[in-house]
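Participant: Below: sequence and its predicted model.
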Amino acid sequence: MLPTKSFAAMSATTPLEAYSFDRRAVGKKDVQIEILYCGVCHSDLHQAKNEWGGSIYPMVPGHEIVGKVISVGTGVSKFKVGDLAGVGVMVDSCKHCASCKQDQENYCDEGMTGTYNSKERDGSGITMGGYSTQIVVDEHYVFHISPNLDLPAVAPLLCAGITTYSPLVFAGVKKGMKVAIVGLGGLGHMGVKFAVSFGAEVTVISTSPNKEADAKKLGATHFLISTNEEDMKKYNNYFDVILDAISANHDYTQYLNLLALNGKLMVVGLPTESPKVLPFSLIANRRSIIGSCIGGMKETQEMLDYCAQNNIVSDIEIIPIQNINEAYDRMLKGDVKYRFVIDLASLKS
Ligand code: NAP
Ligand code: ZN
């Protein structure tokens, strides 16, 4: 057993606090990673506060993990001690269903095992995430990280990056297409970076007027405030693809109306209440709503390699773990540009 320091939510209503637990010993196919940085995803907050239901406590959140390999099992072939390594949203899946066999472990028929707040498949306990000093993961669920990128700014690629890259690729985003990103947060700002790098004309649709300059700096051509009905109407039937990365409850109809013929509303944001969809807005222009859940192992490595080749990382604010509760409050107010990343050195000292 490997004694591990962390910060955990002990209940839905109390702040995260220091917590110690044991990781499993390194198995044959396992990689042991010293965690250096971990991004703070809105899903961490949703789950720590039990907004989706079914949360298990104590919960150690964190699924945007980067660090250094400190030991490997005897059967490990992809990693060696000293390598940089990353872990994202999943640490296991059934490995034999149709989805797993097609490198889409994120859509495992039996359900993927989340990096935290999930039951281990062998019944040994509950998974614990990256707000901790180390993690032990089967090598199949570990990524190679390029040493050429700024390491803390790579961490958010493991969730915010792949969660926006995958639906934009699935929707075939390319030069000449008109794409809107809704919600300029951790996911949204990565969505803008990818859509711009794929050559699309990008519009940001936001509730925050003070984000306009940033949106333009990220490469957006247009910036719309979603509450300004006059301006929104000007873009009716305009976009080929809209990526919805909103964390709070909202209706889809307003965004569906902006889609051109065969337009796709790609949904990644996960608020708690059912949204409103007006069927008339759906049948007009033969529009579709498509959900997307992170990405498979192969596609996530492809995304990381694409980022290394194209110098794409996240815009981050580094925090010590002791500031995590304040970071959650600030994330709820939209006061983060655009991802908090925990420096785990703060937990080791
Ligand atoms: P975030 O950094 O907090 O960004 C969310 C953004 O939503 C905010 O910056 C804000 O953008 C917008 N927003 C907030 N409240 C709003 C409201 N009341 N009405 C309209 N817009 C509002 O969160 P994140 O980490 O990017 O995560 C976004 C969502 O994606 C979360 O629900 C998360 O759980 C989910 N998620 C899904 C997956 C997946 O696989 N599908 C993976 C990771 C995360 P503006 O200020 O621009 O309005
Ligand atoms: Zn996430």
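Facilitator: Good, I have the coordinates. Ligands and ions are numbered 1, 2, ... in the order given.
Participant: so what's the backbone phi/psi at the closest residue to ligand 2 within the stretch 201-349 of the chain?
Facilitator: Ligand 2 sits closest to residue 294 of the stretch 201-349 of the chain, with a gap of 7.5 Å, by Cβ to the ion. All C-beta spots, glycine's among them, are computed from the backbone N, C-alpha and C. For residue 294, the backbone dihedrals (degrees, to the nearest 10) come out as phi 30, psi -130.
Participant: Remind me what the top helix by length along the chain packs against, helices and strands.
Facilitator: When the chain is parsed with DSSP state H, its longest helix is helix 297-310. Here helix 297-310 touches strand 143-144, helix 160-170, going by 3 or more Cβ pairs under 8 Å, 6 or more residues apart in numbering; DSSP states H and E.
Participant: List the buried residues in it.
Facilitator: By neighbour count with 16 or more other Cβ atoms under 10 Å, helix 297-310 contains the buried residues 297, 299, 300, 301, 302, 303, 304, 306, 307, 308.
Participant: before we move on, what about stretch 315-322?
Facilitator: Buried residues in stretch 315-322 (16+ other Cβ under 10 Å): 315, 316, 317, 319, 321.
Participant: again, but for stretch 65-82
Facilitator: Those would be 65, 66, 67, 68, 69, 71, 72, 73, 76, 79, for stretch 65-82 by 16+ other Cβ under 10 Å.
Participant: where does whichever residue of the stretch 51-200 of the chain sits closest to ligand 2 land on pLDDT?
Facilitator: The nearest approach of the stretch 51-200 of the chain to ligand 2 comes at residue 159, 3.3 Å away (Cβ to the ion). Per-residue pLDDT puts residue 159 at 98.
Participant: so what's it up against?
Facilitator: 39, 41, 43, 63, 64, 88, 89, 294 (Cβ atoms under 8 Å, 6 or more residues apart in numbering).
Participant: and the gap between the residue of the stretch 101-250 of the chain found nearest ligand 1 and residue 169?
Facilitator: Nearest residue of the stretch 101-250 of the chain to ligand 1: residue 185, at 1.7 Å (Cβ to the nearest ligand atom). Distance of residue 185 to residue 169, computed by Cβ to Cβ, to the nearest Å: 20 Å.
Participant: Pick out whichever of those two has more residues nearby.
Facilitator: Between residue 185 and residue 169, counting by other Cβ atoms under 10 Å, residue 185 is the more crowded of the two (25 against 18).
Participant: just checking, that one touches residue 42?
Facilitator: Yes. Taking contacts as Cβ atoms under 8 Å, residue 185 lies within contact range of residue 42: 6.7 Å.
Participant: Show me whatever sits in contact with both of those two.
Facilitator: What both residue 185 and residue 42 touch, as defined by Cβ under 8 Å, 6+ apart, is the set 247, 331.
Participant: what's the helix or strand for the residue lying farthest from the centre of the chain?
Facilitator: Taking Cα atoms, centre = their mean, the residue of the chain most remote from its mean C-alpha position is residue 230, at 32.4 Å. Element membership for residue 230 (DSSP states H and E) is helix 229-233.
Participant: Contacts for that helix, please.
Facilitator: 205, 224, 225, 226, 254, 258.
Participant: beta partners for the third one?
Facilitator: Spelled out, that is residue 225. residue 206 (DSSP bridges).
Participant: one step back: quick one: the helices and strands packed on helix 297-310 as CSV, columns for distance to residue 245 too.
Facilitator: Shown next, in CSV, are the helices and strands packed on helix 297-310 (distance: least, Cβ to Cβ, whole Å):
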stretch, distance to residue 245
strand 143-144, 22
helix 160-170, 7
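Participant: of those, which approaches residue 247 most closely?
Facilitator: Closest approach to residue 247 among those (Cβ to Cβ): helix 160-170, 11.7 Å.
Participant: So which bits of that closest one are buried?
Facilitator: Applying 16+ other Cβ under 10 Å to helix 160-170 flags 160, 161, 162, 163, 164, 165, 166, 167, 168, 169 as buried.
Participant: what sits against the third one?
Facilitator: With contacts defined as Cβ under 8 Å, 6+ apart, residue 162 is in contact with 88, 294, 295, 299, 300, 303.
Participant: one more time with 6 Å
Facilitator: Residue 162 makes contact with 294, 295, 300, 303 under the criterion Cβ atoms under 6 Å, 6 or more residues apart in numbering.
Participant: What of the fourth one?
Facilitator: Under the criterion of Cβ under 6 Å, 6+ apart, the neighbours of residue 163 are 187, 268, 294.
Participant: what's the neighbour count on residue 244?
Facilitator: Neighbour tally, residue 244, other Cβ under 10 Å: 25.
Participant: Same question for the one 5 residues further on.
Facilitator: The number of residues packed near residue 249 is 11, by other Cβ under 10 Å.
Participant: And residue 140, by the same measure?
Facilitator: Neighbour number of residue 140 under other Cβ under 10 Å is 15.
Participant: ok, and the closest non-adjacent residue to it?
Facilitator: residue 297 (6.6 Å; Cβ to Cβ, 6 or more residues apart in numbering).
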